Each structure stands twice: as C-alpha cells, then as structure tokens.
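Visitor: for reference, the sequence and a predicted model appear below.
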Amino acid sequence: MGKSVSMSEARLQWADILGRVQYGHERVTIEKHGKPVAVLVPVEDVAWMDEMEDKALGEMAEEAMEEYRRTGISYSMEEVFGPRDK
C-alpha cells in the first residue's frame, strides 16, 4: 500500500510526506505503536474510490429491487447491514 511511517516521523516530515502524496501520487500509512491508524492518499484516488463505491451501491440497489420484484420480500437496513454504530 505504499510507505508506512510512525506518527512521530510524520510530524517531523509532514511537508515531505504531503509532497510525496500530492506530487508523487504515493499512499502513506501513518502508524501509532506499530499499528496503522490512517492513510494519506492523493485526492484523485479518493474521487476514484467514491465513484467506485457509488457504482457498487447502485448495482446493489438494482439487485435488491430485482429480488423484491421477483419475490416480494424486502429487508430492513439493519437486516442487511447489521446495527448501526454511533
């Protein structure tokens, strides 16, 4: 997934890391105590991920509507996705 850096390293090299993400189109994982807590990604990557998510959700909705038309059975959001975390 690209380079991983500790939080302390990220603080010291923030400008360099942002430059690598923005201009080098790298993904950088920020770790705390050796565990990943965040990923910095180029804005273009986020736009692409949002587009793919919207497409997948649209396809899932179409499949659900087709199943409803075929069977007449519908499901609540909780039944499909489980309880919502707040």
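Guide: Cool, the structure landed. Numbers count the residues shown, from 1 in each chain.

Visitor: and the strand or helix carrying V80, which residues are buried?
Guide: Using DSSP states H and E, V80 sits within helix 77-81. Using 16 or more other Cβ atoms under 10 Å as the burial criterion, none of the residues of helix 77-81 qualify. No exception for glycine: its C-beta is placed from N, CA and C like everyone else's.

Visitor: which residues are contacting that helix?
Guide: Residues outside helix 77-81 that contact it (Cβ atoms under 8 Å, 6 or more residues apart in numbering): R84.

Visitor: do the same with stretch 28-45
Guide: Under the criterion Cβ under 8 Å, 6+ apart, residues 1-7, 10, 17-18, 20-22, 25-27 lie in contact with stretch 28-45.

Visitor: please pick the buried ones from those residues.
Guide: Those of the contacts of stretch 28-45 that meet the buried threshold are 5, 10, 17, 20-21, 26-27, by 16+ other Cβ under 10 Å.

Visitor: secondary structure and distance to S74 added to those, as JSON lines?
Guide: Formatted as JSON lines, those follow (DSSP: H, G, I helix; E, B strand; the rest coil; distance: Cβ to Cβ, whole Å):
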{"residue": "V5", "secondary structure": "strand", "distance to S74": "47"}
{"residue": "A10", "secondary structure": "helix", "distance to S74": "46"}
{"residue": "I17", "secondary structure": "helix", "distance to S74": "47"}
{"residue": "R20", "secondary structure": "helix", "distance to S74": "48"}
{"residue": "V21", "secondary structure": "helix", "distance to S74": "43"}
{"residue": "E26", "secondary structure": "coil", "distance to S74": "44"}
{"residue": "R27", "secondary structure": "coil", "distance to S74": "39"}
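
Visitor: between those, which is closest to E53?
Guide: R27 (17.1 Å; Cβ to Cβ).

Visitor: what sits against the closest one?
Guide: Going by Cβ under 8 Å, 6+ apart, R27 touches 1-3, 21, 39-42, 45.

Visitor: among the residues you listed, which are in strands?
Guide: Counting by DSSP state E, the part of the contacts of R27 found in strands is 3, 39-40.

Visitor: would a markdown table of the residues you listed with pLDDT and distance to A56 be doable?
Guide: Listed next are the ones in strands among the contacts of R27 as a markdown table, based on pLDDT from 0 to 100; distance: Cβ to Cβ, whole Å:
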| residue | pLDDT | distance to A56 |
| --- | --- | --- |
| K3 | 92 | 28 |
| V39 | 94 | 20 |
| L40 | 95 | 24 |
